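In: Pasted the sequence and its predicted model underneath.
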Amino acid sequence: MVALVQSVWLLVLLTPACRGGDPHPAPDNMSPIMNLKLDSRKKMLTWNYRRHVSQQNCSIQTPGDPDTSTVPRVGDNDTYFCTFPNAVLHRGASLRVRGISDGDAFQEVLTFNNSGVEGTGAVNFSCLIYDVRFMNCSWAPGPAAPADAQYRLYAWLSADDEEKECVHYITDSTETHVGCHFDQLGEPKRTDNYFFFVNGTSKDTAIEFVDFTPFVAVNMEKYNPPANITVRYNGSNHIIRWDNPVIRFDLASHILYYELDLQRKGGFPKKDPVFQRGQDRNVYLVPGSEAKMQSTLRMRVRHLRNKIWSEWTDPVRFGIPEEGDGTMVSLAVLVVVAAALPMVVMFFCKNLSGRVMNKLSAHGRVMGMAVRASANSPQGKLRHGG
């Protein structure tokens, strides 16, 4: 009996040691993932593992979009992460991490929902780069937004950048933020993408946040109008030349797309516009059949692959007036005046010369009389008698 008790006591002592000292071991079917979290601004899913994992991947599913998968990366403190920069999260999302651990497949799912009330988030969001170095973004309050809703815009250039809140808000008549002006865009690169995130606050209502797919910077620019437009007639055609506008990004000239609006004066039907790709030296020849017609020209330009047109240039008038045109009468008058001008000048010069000679002659007679009178005076006689 004593031997049996000692054997049982020895078994109690040895059992914890055989389990590695853990009185509460994890079940074999427990997920190896810990601390699964989503940063909705950076669209980054992060987590840690409690044991070795292989063949892992992560994916996201959002309403109306196909599933997107990627391979996790490891960062500081053995934290794994996946980023989904093109995902739109404000409509909700389902994120999954899959892998193999100890020979068994596992899956962990995180369901994400927008905590704001539907219809309170900002709507009609858009951004535009202009004058090479400035950018404006604008939006409108959501249709279900309360009167005290206030919105805030955050922007960054890549997933590795820290988001920055707008510094120069544009407000409406109720002081609600409805836009943002950026006056420091930094040095441009053709690979620039802009990321935006708009959230809001209200005393009584949770405001939806709104996020977007990345804005491709080269497609956001509104160009200045074409510059230095000239029209020259070579005897048979009018030759139109112009310079490409100064733009923010270093792009080839053929990526520019021009519209020329050429209209004839005198009640002619409206002409269809002319479209032309950019060149290093831009030239357009007006057809010879239209060379003598009085015409006007205005132009605008955009990037070939977007729809953001520049403003129109001021109208440029050109053409050779036809016979009977009031302009020809004016030219004839100018020719007559130019021909008569030398004769008029000669007449005035001759008349002026005669007047001067007459005045000099009269002045000479007066001086002669004064000299004779002086000689006949007593003083004069004394001077001459000596």
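Out: That came in fine, so what should we check first?
In: Tell me the spacing between S289 and L297.
Out: 17 Å (Cβ to Cβ, to the nearest Å). All C-beta spots, glycine's among them, are computed from the backbone N, C-alpha and C.
In: who's more crowded, those two?
Out: L297 (22 against 8; other Cβ atoms under 10 Å).
In: Next, give phi and psi for L128.
Out: phi -140, psi 130 (degrees, to the nearest 10).
In: how is the chain carved up into domains?
Out: What automatic domain parsing lists as the domains of the chain is 33-112, 123-221, 223-318.
In: what's the span of the last one, first residue to last?
Out: Read it as domain 223-318. Start-to-end span of domain 223-318 (Cα to Cα, to the nearest Å) is 26 Å.
In: which residues touch the residue nearest the centre of the chain?
Out: Residue closest to the average C-alpha location in the chain (Cα atoms, centre = their mean): I129, at 1.4 Å. Going by Cβ atoms under 8 Å, 6 or more residues apart in numbering, I129 touches M135, L185, A217, M220, E221, K222, R248.
In: so the last one sits right up against M135, yeah?
Out: No. R248 is not in contact with M135 according to Cβ atoms under 8 Å; the separation is 9.7 Å.
In: overlap in contacts of these two?
Out: I129, L185.
In: so what's the residue nearest to the centre of the chain closest to, chain neighbours aside?
Out: What sits nearest to I129 in space, not counting adjacent residues and going by Cβ to Cβ, 6 or more residues apart in numbering, is E221, at 4.3 Å.
In: Look up how far R277 lies from that neighbour.
Out: 18 Å.
In: In terms of packing, which of the two has more residues around it?
Out: A side-by-side neighbour count of E221 and R277, using other Cβ under 10 Å, places E221 first with 23 against 12.
In: Tell me which residues touch the more buried one, please.
Out: L128, I129, Y130, I247, R248, F249, H303, I308.
In: In terms of helices and strands, where is the nearest residue to W47 once chain neighbours are set aside?
Out: With Cβ to Cβ, 6+ apart as the criterion, W47 has its nearest non-adjacent residue at 4.4 Å, and that residue is L36. Element membership for L36, per DSSP states H and E: strand 33-39.
In: Tell me which other helices or strands that strand touches.
Out: strand 44-49, strand 93-101, strand 104-112 (3 or more Cβ pairs under 8 Å, 6 or more residues apart in numbering; DSSP states H and E).
In: now these in CSV, with distance to G319?
Out: What follows is those, written out as CSV (distance: least, Cβ to Cβ, whole Å):
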stretch, distance to G319
strand 44-49, 62
strand 93-101, 62
strand 104-112, 65
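In: Quick one: closest of those strands to E175.
Out: E175 sits nearest to strand 104-112 of all these, at 32.2 Å, using Cβ to Cβ.
In: Next, the buried residues of that closest one.
Out: Neighbour-count burial for strand 104-112 flags F106, E108, L110, F112 (criterion: 16 or more other Cβ atoms under 10 Å).
In: Which one of the residues you listed is nearest to V88?
Out: Distances from V88 to the buried residues of strand 104-112, taken by Cβ to Cβ, are shortest for F112, at 11.6 Å.
In: wait, doesn't that closest one sit right on K43?
Out: No. F112 lies out of contact with K43 (Cβ under 8 Å); the separation is 10.3 Å.
In: Could you list the low-pLDDT ranges of the protein?
Out: For the chain, residues meeting the criterion pLDDT under 70 lie at 1-29, 159, 267, 291, 320-386.
In: again, only using 80
Out: Within the chain, the segments meeting pLDDT under 80 span 1-30, 158-161, 266-269, 288-293, 319-386.
In: those helices in it, which residues are they?
Out: With DSSP state H applied, the chain shows helices at 2-18, 326-376, 378-385, listed in chain order.
In: and K189, how many residues sit next to it?
Out: Using other Cβ under 10 Å, the number of residues around K189 comes to 12.
In: no wait, R133
Out: 13.
In: residue contacts, it?
Out: R133 makes contact with D183, L185, R248 under the criterion Cβ under 8 Å, 6+ apart.
In: what does F209 give?
Out: With Cβ under 8 Å, 6+ apart, F209 has these contacts: S40, H90, N114, G116, G121, F197, V198, N199, G200.
In: gap between it and V123?
Out: Using Cβ to Cβ, F209 is found at 13 Å from V123.
In: do T68 as well
Out: From T68 to V123 the distance is 25 Å (Cβ to Cβ).
In: ditto for I308
Out: From I308 over to V123 (counting by Cβ to Cβ), the distance is 20 Å.
In: now do P141
Out: Distance, P141 to V123, using Cβ to Cβ: 8 Å.
In: Please say which of the two ends up with more neighbours.
Out: Regarding P141 and V123, a neighbour count based on other Cβ under 10 Å identifies P141 as having more, with 23 against 14.
In: hang on, isn't that one packed against Y151?
Out: Yes. Judged on Cβ under 8 Å, P141 makes contact with Y151 at a distance of 7.3 Å.
In: Common neighbours of those two, please.
Out: A122, T176, V178.
In: from these, which single one is nearest D102?
Out: Lowest distance from D102 to the shared contacts of P141 and Y151 (Cβ to Cβ) belongs to A122, with 47.2 Å.
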